[in-house]
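> next input, structure requested:
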Amino acid sequence: MTDTNPPKEIVLSHIHEALGAKMVPFAGFLMPVQYSGVNDEHLTVRKAVGVFDVSHMGEFIVRGPGALDLIQKVTSNDASKLSPGKVQYSCLPNEKGGIVDDLLVYDMQRGDDKHYVLVVNAGNIQKDWDWINAHNTFDAQLENISDHMSLLAVQGPKAVDTLKDLFTEDIAAMPYYNAMYAEMKGVGLVLISTTGYTGAGGYEIYMPNPLAEKAWNAIMEAGKPFGIKPAGLAARDTLRLEMGFCLYGNDIDDATSPLEAGLGWITKFTKDFTNSAALKAQKEAGVKNKLVGFELLDRGIPRHDCPVVDADGKTIGKVTSGTMSPSLQKPIGMAYVPKEMATPGTEILVDVRGKVLKGVVVKTPFIESTK
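You can find the predicted model right below:
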C-alpha cells in the first residue's frame with residue numbers, strides 16, 4: 001500500500017531552501033538531500049566539518065522502574081551495562097529472525113529522574129513505537145517526543161573546534177558514545193552526544209523544535225573559520241557506507257538476521273530478549289550468509305539489489321548498498337554472500353544492469369574512522 005500522505009516538513013525547511021538545498025521526500029519527511037554536491041559535502045565532512053539536519057529521526061523517552069526491563073526485553077544489546085551519560089548501539093529483533101529497527105539507547109538519568117532516550121529511524125517511528133508498546137508488560141512509561149524534537153549532526157575533525165565555545169560545559173572532554181544535557185549559549189538546554197553516522201568524529205545535538213533555528217545559526221557562524229558547510233542525506237549515505245555502517249531498509253530489514261549482518265557484537269546472549277533462543281541456535285549452527293564489504297575491480301557502480309552471481313550467472317547473493325566512494329575514488333558496496341565467500345580477498349561477480357563485473361571482498365570500514 002502506497003503512502004498517500006504528503007511528506008512532513010522539518011522545522012528548518014525554509015533555511016535549507018534558502019541555502020539552495022535540493023529537497024526530496026524521504027521516510028515520510030521532506031529532507032535536504034544535497035546542497036553544493038555530494039562529493040563536496042562528503043569531503044568537507046571528512047576533512048573539516050559539516051552540519052546535517054536529521055530532524056526526521058525518532059525519539060522515545062522510557063521512564064519508570066520497569067524501563068530497563070523493557071529495554072532489555074526488546075533490544076539485543078545489554079543495556080544493563082549502561083551508566084548515566086553512556087550511549088549504546090542496539091537493534092530490535094523481531095520474532096522471525098529479522099530486525100524491526102536498529103537504534104541508539106541513551107542512559108540519561110539525572111538525579112532521581114531515571115530515564116532512557118531511544119533514537120530510531122525516521123521511516124520506522126510508528127512501527128517501533130507500536131512494537132515497543134506491545135512488549136511493555138513492565139509498566140514502563142513511554143513518551144514519543146519525535147514531532148517535538150530537532151536533531152543537528154555536526155560531523156568532522158573540526159567539529160570540536162566549531163562547538164566547544166558554544167557550550168558552558170567542556171564538550172571537548174567527552175569520550176566517544178557519551179551524552180549529556182548541556183547549555184548551548186544563547187540557545188538553551190540541549191542533549192549533546194559524541195555519536196554520528198559518518199565515522200568522521202563529531203556530535204549530535206537534540207533540542208526542542210523552537211531552539212532549532214538559533215542552534216543552526218550559532219553552529220554555522222562558529223564553524224565559519226573551519227570551513228563549515230551544510231550537508232545533505234546523500235553525503236550522509238556515502239559517508240556511512242565508507243564506514244560499513246548498516247542502513248535500515250538496505251543492509252538490514254525485517255528479514256535479515258543481525259548475526260548475518262555482522263551485528264553479533266550487539267547481540268548479547270547473556271540475557272533473554274525477543275527471539276534470543278532462535279538467534280542463539282543460529283549462532284551455534286553457523287550462519288549461511290554474511291554481509292561483506294567489496295570493491296569493484298571493473299568499471300561500474302554497484303547499487304542496491306544488484307545480484308551477486310556465480311560463474312554460470314546464477315544468483316548467489318545480493319548487493320545491499322553501493323556507491324562511488326568520494327574518499328577512495330573507487331566503486332564500493334556491501335552485499336550478502338555465502339559465508340564461504342566472505343573472506344577478504346575472495347573474488348565475486350556482480351551483475352550491474354546486465355553486465356557482470358569483477359569485485360573483491362574487502363574488510364570494512366573501507367577507510368579509517370576518526371572518532
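> surely residue 72 is within a helix?
Yes: counting by DSSP: H, G, I helix; E, B strand; the rest coil, residue 72 falls inside a helix.
> hang on, it packs against residue 81?
No: Residue 72 is not in contact with residue 81 according to CB atoms under 8 Å; the separation is 10.6 Å. Just so you know, the C-beta spots here come from the backbone N, C-alpha and C atoms, and that holds for glycine as well.
> the more surrounded of the two?
residue 72 (18 against 11; other CB atoms under 10 Å).
> pLDDT score for the more buried one?
pLDDT for residue 72: 98.
> show me the contacts for residue 252.
Listed by CB atoms under 8 Å, 6 or more residues apart in numbering, the contact set of residue 252 reads 91, 99, 102, 246, 258, 261, 263.
> and the closest residue to the fifth one other than its chain neighbours, backbone torsions?
Going back to what we said before, that points to residue 258. Distance criterion CB to CB, 6 or more residues apart in numbering; nearest residue to residue 258, sequence neighbours excluded, is residue 267 at 5.0 Å. Backbone torsions of residue 267, given as degrees, to the nearest 10, read phi -120, psi 100.
> same check, this time on residue 32
According to degrees, to the nearest 10, residue 32 has phi -70, psi 120.
> roughly how far does it sit from residue 233?
Note on residue 32: its distance to residue 233, by CB to CB, to the nearest Å, is 7 Å.
> compare neighbour counts for the two and give me the winner.
Neighbours per residue (other CB under 10 Å) separate residue 32 from residue 233, with residue 32 holding more: 26 against 21.
> quick check: bridge partners of the more buried one?
Residue 32 has these beta-bridge partners by DSSP bridges: residue 23.
> got the contact list for it?
16, 21-23, 53, 230, 232-233 are the contacts of residue 32 under CB under 8 Å, 6+ apart.
> now, these that are in strands?
Judged by DSSP state E, strands contain the following of these: 22-23, 53, 230.
> which residues of the stretch 51-200 of the chain fall in helices?
For the stretch 51-200 of the chain, the helices defined by DSSP state H, counting those that start in this stretch cover 67-74, 125-134, 159-163.
> same for the first one, what does it pack against?
Identification of packing neighbours for helix 67-74 by 3 or more CB pairs under 8 Å, 6 or more residues apart in numbering; DSSP states H and E yields strand 115-120, helix 125-134.
> contacts for the shortest one, please.
Defining contact as CB under 8 Å, 6+ apart, one finds that strand 115-120 is touched by 57-63, 67-68, 71, 79, 101, 103-109, 128, 132, 191, 206.
> what about it, distance to the chain center?
14 Å (CA atoms, centre = their mean, to the nearest Å).
> swap in the last one?
Taking the mean C-alpha point of helix 125-134 and that of its whole chain, the gap between them comes to 18 Å (CA atoms, centre = their mean).
> state the mean pLDDT of stretch 84-96.
98.
> list the buried ones in it?
85-94 (16 or more other CB atoms under 10 Å).
> residue 86 reaches residue 104, doesn't it?
No: using CB under 8 Å, residue 86 is not in contact with residue 104, being 10.8 Å away.
> where in this protein is pLDDT low?
1-4, 371 (pLDDT under 70).
> OK, contacts around residue 11?
Contact analysis of residue 11 by CB under 8 Å, 6+ apart lists 55, 150, 209, 212-213.
> can you name the residues in contact with stretch 104-112?
Residues outside stretch 104-112 that contact it (CB under 8 Å, 6+ apart): 71, 75, 77, 79, 82-90, 115-119, 179, 181, 191, 193, 195.
> let me know the secondary structure of residue 236.
Residue 236 is classified as helix under three-state DSSP.
> who does residue 143 bridge with?
Assigned bridge partners for residue 143, using DSSP bridges, are residue 61.
> what's the answer for residue 183, then?
Beta bridges link residue 183 to residue 189, judged by DSSP bridges.
> residues contacting it?
Per CB under 8 Å, 6+ apart, neighbours of residue 183: 167-169, 189-190.
> go through the residues you listed and give me the one with the most neighbours.
residue 190 (22 neighbours).
> for that one, which non-adjacent residue is spatially closest?
Nearest one to residue 190, counting by CB to CB, 6+ apart, is residue 207 at 4.3 Å.
> and that neighbour, how many neighbours?
24.
> contact partners for it?
Residue 207 neighbours (CB under 8 Å, 6+ apart): 149-152, 184, 187-188, 190-191, 215.
> which SS class is it?
Going by three-state DSSP: residue 207 is strand.
> so what pairs up with it in the strands?
Beta-bridge partners of residue 207, as defined by DSSP bridges: residue 150.
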